[in-house]
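Asker: Need a 3D model of the sequence below.
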Amino acid sequence: MAATVLDSYALLAFLRGEDADGEVRKLLERASDRNQPLHMTEISYSEVKYIILRKEGRARWVSIAAGLVVLPLEFHPITRVLADLAADFKAEYRISLADAFAAALANEKKAELVTGDPEFKPLENKIKIKWIGGSD
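Answerer: Now for the predicted structure:
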């Protein structure tokens, strides 16, 4: 299985049982079976946390956080190299900072980025994208 990066859209879809939930669930199951975790930036993790806190409350976040530790996810800290590439993506494509970091991690790992966020459309010629939730 090639390296796979999740953005916040993908993880939120899974956590909330939204339309793309099944696609992300299959990726997580395959990653677990093969002992090859999916990748995510700490920035995307932070975005997921603040969205859950804001929309669903602290009790829901505590429940989710307890379950995240068993998922086959590897969270990546921000390095200067990653920050430079994210800044380049953000400047050129006018995307959010969290999305710029997700794209940078996908680029750095030569990985497929899993998302349903249309903000990534302009990056289709820069990184490989797996569209979920009917966004392709």
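
Asker: Tell me which helix or strand the spatially closest residue to Phe89 that is not a sequence neighbour sits in.
Answerer: Nearest residue to Phe89, sequence neighbours excluded (Cβ to Cβ, 6 or more residues apart in numbering): Ala100, at 4.3 Å. In this view, the C-beta of every residue, glycine as well, is placed from N, C-alpha and C. Using DSSP states H and E, Ala100 maps to helix 97-109.

Asker: how distant is the next helix or strand after that helix from the center of its chain?
Answerer: Once the chain leaves helix 97-109, the next helix or strand it forms, by DSSP H and E, is strand 112-115. Put simply, strand 112-115 sits 7 Å off its chain's centre (Cα atoms, centre = their mean, to the nearest Å).

Asker: so what does the following helix or strand past strand 112-115 touch, helix or strand wise?
Answerer: For strand 112-115, the following helix or strand on the C-terminal side (DSSP H and E) is strand 128-131. Counting by 3 or more Cβ pairs under 8 Å, 6 or more residues apart in numbering; DSSP states H and E, the packing neighbours recorded for strand 128-131 are strand 112-115.

Asker: Give me the residues contacting the strand it packs on.
Answerer: 2-7, 9-10, 23-24, 27, 38, 102-103, 106, 120, 127-132, 135 (Cβ atoms under 8 Å, 6 or more residues apart in numbering).

Asker: Helices of the protein, residue ranges please.
Answerer: 8-16, 21-34, 42-56, 58-68, 80-93, 97-109 (DSSP state H).
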